[in-house]
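Chemist: What follows is a predicted protein model with its sequence.
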Amino acid sequence: MRHALLGSHLTAALLIAATPAFAAPSPSDPLGSVMWEALRDQYFADATVVFDDKVKVTAPTSAEDTRAVPLSVDATALGQVVEMLAIADLNPFPLILRYHPGTAAPYIATRIKIQQATAVRGAARTADGVWHVSGVVVDAAGGGCSAPPVSYAQKDWADHVGEVQARLWPADADGVARLRLRIRHPNDTGLVDGIPAFFVETLTVQAQTPGGPSELARIDSLEPVSENPVYSLDVRPPPDAKALVLRGRDNQGGEIDAVIPMPPPGARPAMTLRPTDPLRSVGQ
């Protein structure tokens with residue numbers, strides 16, 4: 001009998017050991033979005049996901065202009081962040097952007113298009129592979145993603161595509177400098193019949209130093225970013241940086257290129273334009 005009992009316990013132990021481990025269930029969505037489970041699988045796959053108030057998502061509770069809804073995602077409370085996402089659950093294209101902060105602070109602000117009332121989320125991946133997610137619900141009358149860009153009503157709009165305006169504030173005591181960018185671009189989603197998608201796809205911020213360029217941050221942007229996209233970043237230029245360089249492209253191969261001089265300590269932020277001479281600036 002004793003041998004039989006030992007054999008049955010051993011068999012049960014072997015069966016338990018041979019049973020594959022199941023992934024932890026997805027946490028319940030505090031925003032109650034019907035799209036959460038599908039979006040979780042699509043953008044986070046098998047990674048651990050936690051809802052975390054340390055990720056601060058700021059957006060209006062009601063959108064005044066669904067073509068340009070202000071949004072910021074601040075994950076500085078998490079410390080070191082490898083990657084950030086912004087998502088609008090019920091948009092035709094839910095993924096708004098991916099931000100790779102590099103040496104910059106894990107903070108980004110922009111303006112987005114919203115097609116209808118939706119949960120808008122920010123997510124930050126820390127070095128341990130965990131995604132920290134938070135969000136808000138934005139009410140909206142709708143149509144922001146399918147409205148044609150206003151730029152197309154201007155006869156010379158094509159002559160100004162890719163022009164950059166930028167302001168760079170002097171670095172604070174921690175070496176963090178606020179950078180604000182505006183890029184002339186229709187950022188068309190392609191949802192209007194007969195008009196192909198035409199939007200800024202990648203942007204890289206580099207520091208121009210005597211030893212060569214060094215990347216500070218990268219944005220992979222998508223259709224839901226608003227027309228004439230605006231970004232605010234908190235970058236950390238090296239002490240020997242002479243200027244910041246913005247380089248990027250749109251989905252049709254158009255290039256974006258601008259040089260932003262470093263302001264001296266205590267100076268007012270100057271607006272830098274991208275003319276034929278990218279070092280020309282105004283407002284100094």
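Modeler: Looks like it came in fine. Residues are numbered from 1 along each chain as shown.
Chemist: now do the same end-to-end measure for stretch 204-220.
Modeler: By Cα to Cα, to the nearest Å, the extent of stretch 204-220 from end to end equals 9 Å.
Chemist: How far does it sit from its chain's centre?
Modeler: Relative to its parent chain, stretch 204-220 has a centroid offset of 18 Å by Cα atoms, centre = their mean, to the nearest Å.
Chemist: and what of stretch 30-47?
Modeler: Worked out by Cα atoms, centre = their mean, stretch 30-47 lies 17 Å from the chain centre.
Chemist: who touches it?
Modeler: The contact list for stretch 30-47 (Cβ atoms under 8 Å, 6 or more residues apart in numbering) reads 23, 26, 29, 49, 51, 85, 87, 89-90, 94-95, 118-119, 121, 123, 125, 129-131, 135-137. Bear in mind the C-beta positions are built from the backbone N, C-alpha and C, glycine included.
Chemist: quick check: mean pLDDT across that stretch?
Modeler: Average pLDDT, stretch 30-47: 96.
Chemist: in this structure, which helix or strand is least confident?
Modeler: Ranking every helix and strand in the chain by mean pLDDT, DSSP states H and E puts strand 281-282 at the bottom, with a mean of 30.
Chemist: Give the buried residues for stretch 124-142.
Modeler: By neighbour count on 16 or more other Cβ atoms under 10 Å, the buried set for stretch 124-142 is 124-126, 130-138, 140.
Chemist: what ranges do the helices span in the stretch 1-150 of the chain?
Modeler: With DSSP state H, counting those that start in this stretch, the ranges of helices along the stretch 1-150 of the chain come out as 2-18, 36-44.
Chemist: hang on, the earlier thing: mark which of the contacts of stretch 30-47 are part of strands, please.
Modeler: Counting by DSSP state E, the part of those found in strands is 49, 51, 85, 87, 95, 118-119, 121, 123, 125, 131, 135-137.
Chemist: As TSV, these with distance to T76 would be great.
Modeler: Below are the ones in strands among the contacts of stretch 30-47 laid out as TSV (distance: Cβ to Cβ, whole Å):
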residue	distance to T76
V49	20
F51	18
L85	16
I87	20
L95	22
T118	25
A119	22
R121	17
A123	15
R125	14
W131	16
G135	17
V136	18
V137	23
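Chemist: Pick out whichever of those sits closest to F198.
Modeler: When those are compared for distance to F198 (Cβ to Cβ), L95 wins out at 17.6 Å.
Chemist: what pairs with the closest one across the strands?
Modeler: Note on L95: beta-bridge partners by DSSP bridges are I87.
Chemist: again with R180
Modeler: Bridge pairing for R180 - DSSP bridges - gives R167, S232.
Chemist: Residue ranges in this protein under the pLDDT threshold?
Modeler: Residues of the chain that meet the criterion pLDDT under 70 lie in 1-26, 266-284.
Chemist: how's it carved up into domains?
Modeler: Here the domain parsing of the chain from automatic domain parsing is 26-143, 148-284.
Chemist: winner for burial among those?
Modeler: Stretch with highest mean neighbour count among those: domain 26-143 (a mean of 18; mean count of other Cβ atoms under 10 Å).
Chemist: in the stretch 51-200 of the chain, which spans are strands?
Modeler: When secondary structure is read from DSSP state E, counting those that start in this stretch, the stretch 51-200 of the chain shows strands at 56-58, 69-74, 81-88, 95-100, 107-112, 118-126, 131-138, 164-168, 177-183, 200-209.
Chemist: Dump those to CSV, plus distance to P148.
Modeler: Converted to CSV, the strands of the stretch 51-200 of the chain look like this (distance: least, Cβ to Cβ, whole Å):
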stretch, distance to P148
strand 56-58, 28
strand 69-74, 17
strand 81-88, 19
strand 95-100, 20
strand 107-112, 17
strand 118-126, 21
strand 131-138, 22
strand 164-168, 23
strand 177-183, 19
strand 200-209, 17
